[in-house]
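Trainee: Provided below for reference: sequence and predicted model.
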Amino acid sequence: MWFKVNSYLKFLIKSTNAHGVHSPFVFNFVTQCLYSQKKLHRNKTINVLLKSIGYFNFKKIEINGAPEVETFVKTKFAATSFDNPTVDILFTDLMDDSKFMELLSVGKLHNNSMILVDGIHQTKEKWEEWKNLIASPNITVSIDMFHCGTIFIRKEQVKEHFTIRI
């Protein structure tokens with residue numbers, strides 16, 4: 001419990017809004033997607049997932065360990081598919097560097113793939129996994145939103161990390 005409170009206070013000190021973002025890709029994602037007024041779900045992480053699917057027009061989706069989320073996504077976005085050799089967006093509550101490298105090496109992820117990791121500040125262990133993951137040279141853009149984190153594979157972009165309040 002104390003870890004999460006301490007982590008939130010550190011997050012508040014480090015975080016910024018869209019005006020602290022110098023990447024056009026991330027600025028547009030934050031202002032046009034994350035800060036859009038429509039609320040698709042009361043859970044912040046699922047809301048980010050649903051908004052991202054709509055914003056990027058993702059069709060190939062993988063959701064690990066949350067069948068209720070998959071059902072909800074199917075009702076909102078009928079044109080999506082869930083059994084694909086490659087994915088546009090991966091939703092998971094657990095992602096470490098070795099799992100990421102495995103997905104990359106088998107071709108499951110591609111340039112412009114997005115990974116949404118739920119609960120990155122839940123425990124010290126999950127926070128350490130997140131920090132190790134975003135240190136990977138294959139990840140170019142990462143966004144810490146406290147409740148979740150997003151990772152983008154964008155070979156055309158310089159490696160950057162953002163801490164954004166949503």
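Mentor: Good, I have the coordinates.
Trainee: Which parts of this protein are strands?
Mentor: With DSSP state E applied, the chain shows strands at 61-63, 89-92, 114-118, 141-144, 148-152, 160-163, listed in chain order.
Trainee: could those be laid out in CSV, adding mean neighbour count?
Mentor: Every residue, glycine included, has its C-beta placed from N, CA and C. Formatted as CSV, those follow (neighbours: other C-beta atoms under 10 Å):
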stretch, mean neighbour count
strand 61-63, 21
strand 89-92, 22
strand 114-118, 24
strand 141-144, 23
strand 148-152, 23
strand 160-163, 18
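Trainee: Quick one: the helices in the protein, in order.
Mentor: Assigned by DSSP state H, the chain shows helices spanning 2-14, 24-28, 44-56, 67-76, 97-105, 124-134.
Trainee: out of these, nearest to Asn112?
Mentor: Proximity to Asn112 (C-beta to C-beta) singles out helix 44-56 among the helices of the chain, at 8.0 Å.
Trainee: Sketch out the low-pLDDT regions of this protein for me.
Mentor: 1, 19 (pLDDT under 70).
Trainee: quick one on the thing from earlier: relative to Trp2, which of the strands of the chain is closest?
Mentor: Going by C-beta to C-beta, the one of those nearest Trp2 is strand 141-144, 19.5 Å.
Trainee: Kindly reformat the strands of the chain as JSON lines containing distance to Trp130.
Mentor: Formatted as JSON lines, the strands of the chain follow (distance: least, C-beta to C-beta, whole Å):
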{"stretch": "strand 61-63", "distance to Trp130": "19"}
{"stretch": "strand 89-92", "distance to Trp130": "12"}
{"stretch": "strand 114-118", "distance to Trp130": "7"}
{"stretch": "strand 141-144", "distance to Trp130": "8"}
{"stretch": "strand 148-152", "distance to Trp130": "6"}
{"stretch": "strand 160-163", "distance to Trp130": "10"}
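Trainee: Indicate which one of those strands is closest to Tyr35.
Mentor: That would be, of the strands of the chain and by C-beta to C-beta, strand 141-144, which comes in at 12.7 Å.
Trainee: Mind giving me the packing neighbours of the closest one?
Mentor: helix 24-28, helix 124-134, strand 148-152, strand 160-163 (3 or more C-beta pairs under 8 Å, 6 or more residues apart in numbering; DSSP states H and E).
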